[in-house]
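pasting the sequence and the predicted coordinates here, then a few questions.
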Amino acid sequence: MLDTVKGFLHNLSLFGELSDSDLDKLIDMAEEVVLEQDDVLMEEGDPGDAMYVVLDGNFEISKRSGNQDVVLAMRGTGEVLGEMALIEDLPRSATVKAARKSTILKITKAVFQTLIGSSSSAALSILHTMSARVRNTESMLRQNEKMASLGTLAAGLAHELNNPAAAARRAVDQLKGCLAAWQRARTELSVQNLNREQLDLIAGLSERIASPLPAVREDDPLERSDREAELQTWLEEIGVEEAWDLAPNLLSRGWGLDDLGELAQHFLPSQVPVVIRWLSIGSTVNGLLGDASVSLERISGIVRAVKDYSYLDQAPIQDVNVHEGLENTLVILAHKAKSGVRIRREFAGDLPKIEAYASELNQVWTNIIDNAIDAMNGEGEIRLKTSRHDDEILVEICDTGPGMPPEVQRRIFEPFFTTKPPGVGTGLGLHISYNIVAQRHGGRIDVDSSPDGTCFKVFLPVQLGRG
């Protein structure tokens, strides 16, 4: 059995350069273990206290991302498992379970250290293996995070679009009945034998009710109720039907008792109810058209912000207005920030456009602002500040959350490091942001954190280096 395992290990690149005596020592210190199908070899988050060589079998490697398990790879006979966590003395970054009955060689930390000490070629081979695993795992999780972010983005946009869409639909539904009523009111008005002065007055009123609604003072509920009751009484006294319905509508559209009293002086008593009814219904129709227009403009603004955010159909490198990127990001995250998050802007008036990978830069703003909202549990203030420093610009994104302890602050840009519960975060958001800023743009990210809050400082060059 010894010769069989020895010959097996000797054919592996990881151990091929070990001497016969070193291989004998390794086999003597290692432990052979048999696992049945679906047995878990290591669990994500467990201590990295050993590595394993697959003597025979297959193993599935998966990682929790969001609410699903992402299969990263399958490892079979002759491959090594668990060396990354063992080398870095970190918890397991993934879960490994047997895909069928399998036999492994367990190499503990003490045995591994003896192995490294006896063979430099083994150490180099392990470093190569670890580097390849990091690239493969990060690539798969990066793609999965993009899909998860897309799902979150879609859910947020659906929420943001639903409110103005529902408002526009309500306005259109009400218009269906109002238009017929307004046509009847106009017909009734047309048979009142109005003189030239009265017709000119009606023309002026038509222009006024078609104009945007002026700001109406905000009354307290009791005061407003008194004004409605006073107007309703006056309308009833001059013979206006359904005065209880028209009074609140007229007030909400900016027509008070004084305005209507002055208007009534220009018409005969028999004409006044007809004019006021036409005025009330016409104001409602135009008001509903305005409400629908505002809602549709809001939808258009959201769609425009998403297009600008993603830089669809544009070259990767753009002359970027950083302020617009930050504002578009706030639109994207509005569904998370609206509950209790205040946004304070301190934007520099002289900030130049910068040369940048535009959509990637918006990923940076999204990751940092999203983390800030989460850190504050949806309650607090985010300060966005920009400034220029010679050939660089500085973007500061600060929150009023509880801050990060020093040991967390030191590791926040590490791949797979996260303080969120398993399945909530992949630990790649800030790592990706760091790479976008540092590697893609030649900038840097600094972090200051205290119990009073956290501030990310992103330095970016105005012009990308082409060398």
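Received it, and whenever you're ready, just let me know what you need.

buried stuff in stretch 32-52?
35, 41-42, 44, 48-52 (16 or more other CB atoms under 10 Å). C-beta: built from backbone N, CA, C; applies to glycine.

before we move on, what about stretch 102-117?
Neighbour-count burial for stretch 102-117 flags 102-107, 111-112, 114-115 (criterion: 16+ other CB under 10 Å).

what does stretch 245-261 give?
Across stretch 245-261, burial judged by 16+ other CB under 10 Å covers 246-247, 250-251, 253-255, 257, 260.

just name the closest of those residues to residue 211, please.
Using CB to CB, residue 254 is the member of those that lies nearest residue 211, at 10.1 Å.

may I have the secondary structure class of the closest one?
coil (DSSP: H, G, I helix; E, B strand; the rest coil).

show the backbone phi and psi for it.
Backbone torsions of residue 254, given as degrees, to the nearest 10, read phi 90, psi 10.

looking at the chain, which helix or strand is least sure?
Counting by mean pLDDT, DSSP states H and E, the chain has its least confident helix or strand at helix 120-190, which shows a mean of 70.

what's the first helix or strand after that helix?
Downstream of helix 120-190, the first helix or strand assigned by DSSP states H and E is helix 196-210.

now do that next one: distance to the chain's middle.
Remark: helix 196-210 is offset 49 Å from the chain centroid, using CA atoms, centre = their mean, to the nearest Å.

same check, this time on stretch 345-363
18 Å.

show residues contacting that stretch.
For stretch 345-363, the surrounding residues in contact (CB atoms under 8 Å, 6 or more residues apart in numbering) are 309-311, 314, 316-323, 325, 328-329, 383-388, 393, 432-433, 436, 440-441, 460-464.

export it to CSV, keeping only CA atoms.
What follows is stretch 345-363, C-alpha atoms only, in CSV (Å, rounded to 0.1, in the frame of the first residue of the first chain):
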residue,chain,number,x,y,z
ARG,A,345,-24.1,67.0,-1.5
GLU,A,346,-21.0,69.1,-1.4
PHE,A,347,-20.0,69.2,-5.0
ALA,A,348,-17.2,71.3,-6.3
GLY,A,349,-18.2,73.8,-8.9
ASP,A,350,-14.9,73.5,-10.8
LEU,A,351,-14.7,69.7,-11.0
PRO,A,352,-13.6,68.7,-14.5
LYS,A,353,-14.8,65.8,-16.5
ILE,A,354,-12.4,62.8,-16.2
GLU,A,355,-11.3,60.1,-18.6
ALA,A,356,-12.7,56.9,-17.2
TYR,A,357,-14.3,53.5,-17.8
ALA,A,358,-17.7,55.0,-17.1
SER,A,359,-19.9,52.0,-16.3
GLU,A,360,-17.2,50.5,-14.1
LEU,A,361,-16.8,53.7,-12.2
ASN,A,362,-20.5,53.7,-11.5
GLN,A,363,-20.0,50.2,-10.0
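
and it, which residues are buried?
Residues 351, 354-363 are the ones in stretch 345-363 that count as buried (16+ other CB under 10 Å).

rounded mean pLDDT for it, please.
Here stretch 345-363 scores 88 as its mean pLDDT.

just the buried ones out of the contacts of stretch 345-363, please.
Buried members of those, counted by 16+ other CB under 10 Å: 309, 311, 318, 320-323, 325, 328-329, 383-386, 393, 432-433, 436, 440-441, 460-462.

quick one: contacts of stretch 438-455?
Contacts for stretch 438-455 (CB under 8 Å, 6+ apart): 356-357, 360-361, 372, 375, 380, 392, 396-404, 409, 412-413, 433-434, 437, 456-461, 464-465.

can you tell me the distance between the two ends of that stretch?
18 Å (CA to CA, to the nearest Å).

next step: the contacts of stretch 438-455 restricted to helices.
The helices, defined by DSSP state H, take in 360-361, 372, 375, 409, 433-434 from the contacts of stretch 438-455.

tell me which two in those residues are the farthest apart.
With CB to CB as the measure, no two of the ones in helices among the contacts of stretch 438-455 lie farther apart than 360 and 409, at 24.1 Å.

and the helix or strand where residue 54 lies, how far out from the chain's middle?
Using DSSP H and E, residue 54 sits in strand 50-56. Centroid separation for strand 50-56 versus its chain: 41 Å, with CA atoms, centre = their mean.

likewise stretch 39-52?
On CA atoms, centre = their mean, the centre of stretch 39-52 falls 33 Å from that of its chain.

next one: stretch 389-408
19 Å.

which parts of the stretch 301-450 of the chain are strands?
317-320, 340-346, 354-357, 379-389, 392-399, 444-450 (DSSP state E, counting those that start in this stretch).

the residue lying closest to residue 353 once chain neighbours are set aside pairs with what?
Residue nearest to residue 353 in three dimensions, not counting chain neighbours: residue 319, with 4.5 Å by CB to CB, 6 or more residues apart in numbering. The partner list for residue 319 in beta bridges (DSSP bridges) reads residue 355.

contacting residues around residue 319?
By CB under 8 Å, 6+ apart, the contact list for residue 319 reads 353-355.

what mean pLDDT does stretch 24-42 have?
Computed over stretch 24-42, the mean pLDDT rounds to 89.

got the contact list for it?
Contact partners of stretch 24-42, identified using CB under 8 Å, 6+ apart, comprise 2, 5-6, 9, 15, 18, 52-53, 55, 57, 59, 81-82, 92, 94-108, 110-111, 114-115, 118.

sorry, back to before: and the residue nearest to residue 353, how far from residue 456?
24 Å (CB to CB, to the nearest Å).

please apply the same query to residue 266.
Note on residue 266: its distance to residue 456, by CB to CB, is 64 Å.

ok, residue 94 next?
28 Å.

ok, residue 171 next?
Residue 171 sits 42 Å away from residue 456, going by CB to CB.

next: residue 232.
Distance check for residue 232 against residue 456: by CB to CB, it reads 57 Å.

more crowded one of these two?
The neighbour comparison of residue 232 against residue 456 (other CB atoms under 10 Å) goes to residue 456, with 25 against 20.

contacting residues around that one?
Counting by CB under 8 Å, 6+ apart, residue 456 touches 368, 396-398, 445-447.

likewise residue 59?
By CB under 8 Å, 6+ apart, the contact list for residue 59 reads 41, 74-76, 81, 96-99, 102.
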